[in-house]
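Enquirer: I need the structure of the sequence given here:
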Amino acid sequence: MGTGLDVACSSPSETAISLPRCVASEGASCRVRESQASMLALLTDRKSGQVSTYEVPAPELRPGGILVRTHYSAISAGTERATLELSSKSLLAKAKARPDLLKQVIEYARQNGLKAAYDKVHAKLDTLTTLGYSCAGEVILAGDGVHEFRPGDRVACGGGTYANHAEINFVPRNLAAHIPSQVSMAAASLTTIGAIAMQGFRQANLRIGETVAVIGAGLVGVLTLQIARAAGCRVVAIDLSPQRVKRAAEFGAHLAIAANDPTLEPQVKEFSRYGVDAALLTAATSSAQPAEMAATLLRDRGRMIVVGDVGLGVSRSNMYAKELSLALSRSYGPGRYDPQYEENGIDYPIGYVRWTEQRNMDAFLDLLSTGQINVDPLLEHQYAIDDGAKAYADLKSGLYTAILKYNCASAVPEKAVPNVVPARHPIGDEVRIGSIGAGSFASSVLIPNLRAIPGVRLESVGTISGAGAASARRAFKFQTAQQPSELLKDPNVDAVFILTRHGPHATLAAQACEAQKPVFVEKPLAIDREQLAQLKQVYAEQRSAGRAPFVMVGFNRRFAPFTEKIRQFFADRREPMMLHARVNAGYIPHDHWIHADGGRIVGEFCHFVDWARSVIGSPIHSVAASGLPDGTRYKADNIAVTLKFADGSVANLLYLANGDRSIAKEFFEVFCQGAIARLQDFRTLELARNGEIQKFKSVQDKGHRRELELTIEAIRSGKPSPIAFAELVEVTETTFLVQQALATGEVLRLNQPAQATAPEAPVSEPVQPDFTLTA
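Expert: Take a look at the predicted model:
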């Protein structure tokens, strides 16, 4: 029934704010940590596949989820071993194993060059990633909006980026389930794997008295056969390994037989009378042999359900002759891979979706509590977190699973409310950078460019994931890795760079301002008006207190060399400009995170609003927008926007997701006073005047390095931000107006021009023409 002894931990009734460490078992020792907000986690090197235990920052509590102190986590022999085997392959072998990713690399190289593609691949591989997706522990803290879990609750947790092999995990509310009192923590650590077995069984639509063949008697297989038996089915278990066949019989299979037994087919036919009603493929092999075997053993119009990662090259003849049905089982159940369910906590109505992934977890725990599923034999091999690498090595000997136990717990702070400490002044020649976030773009573009600037010291890095922080620290030689809240109040950090996903940008920028630290935000500044208003309020309060807050946004294109050439080309203009931009942005699926974090208009289109604002050099006056119907494919990302400026200039911006990537991504034309500038992908520039065309070619330079150099110089010397705060607000508010104009069809006007609220001066003074637009 899974009532094995749990690790001796402090009582759940103790305060969750000042968390005591677990008491180490006899003979074990607690590793001394650098920080009270750090933890131990098992990570793998994506380049080599090596597994090691690292000390990393513990995750922070976020709305909609819980912080869980892990007691046990289960290693899945099939899924996790496959991940490590891929990581340990050579670069060529990785490419052969994942042709889909190779295609992406080739496309990236075509657009950005071989060196850029090479650097991006190596940056991606030179990372540490988390392992594990099934654990059990004790709730430390519950975030805003979470009412079903309280500190001290025992919970089973799931999710590949949440329920990791780590002392502390942040878990969204829909990926956790209460553990019944009769079930041990060790047994409950198998819950997510049990939910995989449960969902496979449900996909087979089996009924009492039907016969099911479970092909593959590994961990998922032996859990599946017990679920099927508990549901009143007759179970045949099949595996190549004689040891696993024997264990399957011990776990309750009515018939357990080796896959290479010559009497397999007649035995199964005799046992099932007509052939099996359903076959669940729970093996892990690239071979199609399990599928071929299933097709042979199934009765007429039987059901084949693919649960494991098996080859599907099954011959059509057998499938056709019996009119077999084939279905795949998606992980833990409905809700899997849906960010609205998993990340945002939006549950599916039980009247329409009876069994979600969370409800599958509950059902598995119920079967454990009643003794209908026995996992005690699966808990025999337990390892301390420091011995995690040995656990993975031992899996190669044929273990079903290995259980990691946690004898130490990190001290975890309560909800992050930064106790702000002023940054050291003056900054001087060396600028010590703290980076919050270190994702793909930050790691491949921004941080390498930042590190190359003389006088920059990469002081600290903080990410949502401890693995991400450890990877960035290792790859870029940051001095420390911390929780974001610690980084914001660290006196050794002179300036904060916010390189996260878009949602927390404004909140983190406001906290940095309150900490009196210069802040760089990798666009957008905010994802909605409420966030922007809060940041503006903090900015105004800092100025009212006699301080000089520094806020910069990563609108890099205005700093590109070709952009500067265009500005110089039209520097003496005496009439308005007509600007056209066509952005072949490409399709992004509906479930991509950017659609939930403000969308592409706020998060990407903002670049081109800023580029037009920079080239024209006059405040935006009004906004009109229209777009194609989204249908079921698009998400407000096929749009035509017209911006009118205070000096009479007009910008027509096309942003498109329905194009083809073989055509240039970004194309700009500027018309003014008998002259034309034409820019393509920041590689080629043509300047035409008086019948003569100047042509320029360059490797692509979108201004990332120059923007960072100007930002660091301004921070070092105490100058204002390279882009005035009011201009950053103006561009951000314009993107909100674009969304509104698309919805209403109205021409909308900005409330006030930027110069009315912009005491700072940008690095390049805007053109001051001798004409104005009268409202």
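
Enquirer: remind me, longest strand of the protein?
Expert: Taking DSSP state E as the criterion, the chain has its longest strand at strand 65-76.

Enquirer: average pLDDT across that one?
Expert: For strand 65-76, mean pLDDT rounds to 96.

Enquirer: May I have the strands that pair with that strand, each with its orientation?
Expert: strand 134-142 (antiparallel), strand 168-172 (antiparallel), strand 401-405 (antiparallel) (DSSP bridges).

Enquirer: do you know how far residue 315 is from residue 324?
Expert: 11 Å (C-beta to C-beta, to the nearest Å). All C-beta spots, glycine's among them, are computed from the backbone N, C-alpha and C.

Enquirer: Next, show the common contact partners of these two.
Expert: residue 295 (C-beta atoms under 8 Å, 6 or more residues apart in numbering).

Enquirer: between the two, which one's more packed in?
Expert: residue 324 (19 against 11; other C-beta atoms under 10 Å).

Enquirer: how many other residues sit next to the residue lying closest to residue 645 once chain neighbours are set aside?
Expert: Nearest residue to residue 645 in three dimensions, chain neighbours excluded: residue 618, at 4.4 Å (C-beta to C-beta, 6 or more residues apart in numbering). Residue 618: 24 surrounding residues under other C-beta under 10 Å.

Enquirer: so which strand or helix has residue 618?
Expert: Of the helices and strands defined by DSSP states H and E, none includes residue 618.

Enquirer: roughly how far apart are it and residue 580?
Expert: From residue 618 to residue 580 the distance is 17 Å (C-beta to C-beta).

Enquirer: Residue 532 too?
Expert: When residue 532 is compared with residue 580 (using C-beta to C-beta), they lie 28 Å apart.

Enquirer: Check residue 445 too.
Expert: 27 Å.

Enquirer: Compare those two and say which is more crowded by neighbours.
Expert: residue 445 (22 against 16).

Enquirer: Let me know the pLDDT of the spatially closest residue to that one that is not a sequence neighbour.
Expert: Leaving aside its chain neighbours, residue 445 sits nearest to residue 704 (5.6 Å; criterion: C-beta to C-beta, 6+ apart). What the model reports for residue 704 is a pLDDT of 97.

Enquirer: Residue 704: what's it in contact with?
Expert: 445-446, 449, 554, 556.

Enquirer: One more: residue 143?
Expert: 61-67, 415.

Enquirer: which two in the residues you listed are spaced the farthest apart?
Expert: Greatest spacing in those, by C-beta to C-beta: 64 and 415 (13.3 Å).

Enquirer: Comparing these two, which shows the higher neighbour count?
Expert: residue 64 (17 against 14).

Enquirer: Might one say that that one is in contact with residue 144?
Expert: Yes - the criterion here is C-beta atoms under 8 Å, and residue 64 meets it with residue 144 at 7.3 Å.

Enquirer: who's the nearest residue in space to residue 663 that is not next to it in sequence bridged to?
Expert: Residue nearest to residue 663 in three dimensions, not counting chain neighbours: residue 584, with 5.6 Å by C-beta to C-beta, 6+ apart. With DSSP bridges as the criterion, residue 584 is bridged to residue 656.

Enquirer: What ranges does the stretch 1-150 of the chain have for its helices?
Expert: 79-88, 91-97, 99-112, 114-125 (DSSP state H, counting those that start in this stretch).

Enquirer: thinking again about what came up before, ok now the longest strand of the chain, how far from the chain's centre?
Expert: Here strand 65-76 shows a centroid-to-chain-centroid distance of 19 Å under the convention C-alpha atoms, centre = their mean, to the nearest Å.

Enquirer: roughly how far apart are the residue nearest to residue 663 and residue 653?
Expert: Distance from residue 584 to residue 653, by C-beta to C-beta: 13 Å.

Enquirer: Name the residue in the two with the higher neighbour count.
Expert: Applying other C-beta under 10 Å to residue 584 and residue 653 shows that residue 653 carries more neighbours, namely 22 against 19.

Enquirer: in a strand, that's where that one is, yeah?
Expert: Yes - assigned with DSSP: H, G, I helix; E, B strand; the rest coil, residue 653 falls within a strand.

Enquirer: how about it, what does it touch?
Expert: 580-581, 583, 605, 608-609, 612, 640-643.

Enquirer: go on, residue 641?
Expert: Neighbours of residue 641 in contact, by C-beta under 8 Å, 6+ apart: 605, 609, 623-625, 652-655, 738, 741.

Enquirer: Equivalent analysis for residue 149, please.
Expert: By C-beta under 8 Å, 6+ apart, the neighbours of residue 149 are 66, 139, 142, 155, 173, 176, 178.

Enquirer: rerun that using 7 Å as the cut-off
Expert: 66, 139, 142, 155, 173, 176 (C-beta atoms under 7 Å, 6 or more residues apart in numbering).

Enquirer: Is it possible to get JSON lines of the residues you listed that adds neighbour count?
Expert: As requested, the contacts of residue 149 are exported to JSON lines (neighbours: other C-beta atoms under 10 Å):
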{"residue": "66", "neighbour count": "27"}
{"residue": "139", "neighbour count": "23"}
{"residue": "142", "neighbour count": "20"}
{"residue": "155", "neighbour count": "23"}
{"residue": "173", "neighbour count": "21"}
{"residue": "176", "neighbour count": "29"}
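
Enquirer: which among these gets closest to residue 563?
Expert: residue 173 (45.7 Å).

Enquirer: For that closest one, give its distance to residue 157.
Expert: 11 Å.

Enquirer: Also residue 260?
Expert: 39 Å.

Enquirer: Comparing the two, which residue is more hemmed in?
Expert: Counting neighbours by other C-beta under 10 Å for residue 260 and for residue 157 shows that residue 157 has the greater number, 30 against 11.

Enquirer: In which helix or strand does the more buried one reside?
Expert: Judged by DSSP H and E, residue 157 forms part of strand 154-158.

Enquirer: Which elements pack onto that strand?
Expert: Contacts defined by 3 or more C-beta pairs under 7 Å, 6 or more residues apart in numbering; DSSP states H and E place strand 154-158 against strand 134-142, strand 176-178, helix 191-203, helix 357-369.

Enquirer: tell me which strands and helices the third one is in contact with?
Expert: Secondary-structure packing of helix 191-203 (3+ C-beta pairs under 7 Å, 6+ apart): strand 134-142, strand 154-158, helix 219-230, helix 357-369.

Enquirer: Would you mind putting these into CSV with distance to residue 333 and mean pLDDT alongside?
Expert: Shown next, in CSV, are the helices and strands packed on helix 191-203 (distance: least, C-beta to C-beta, whole Å; pLDDT from 0 to 100):
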stretch, distance to residue 333, mean pLDDT
strand 134-142, 14, 96
strand 154-158, 10, 98
helix 219-230, 13, 97
helix 357-369, 4, 98
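
Enquirer: With distance to residue 40 added, can I get the ones you listed in a markdown table?
Expert: Shown next, in a markdown table, are the helices and strands packed on helix 191-203 (distance: least, C-beta to C-beta, whole Å):
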| stretch | distance to residue 40 |
| --- | --- |
| strand 134-142 | 14 |
| strand 154-158 | 17 |
| helix 219-230 | 24 |
| helix 357-369 | 25 |
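
Enquirer: Please consider this matter closed, and thank you.
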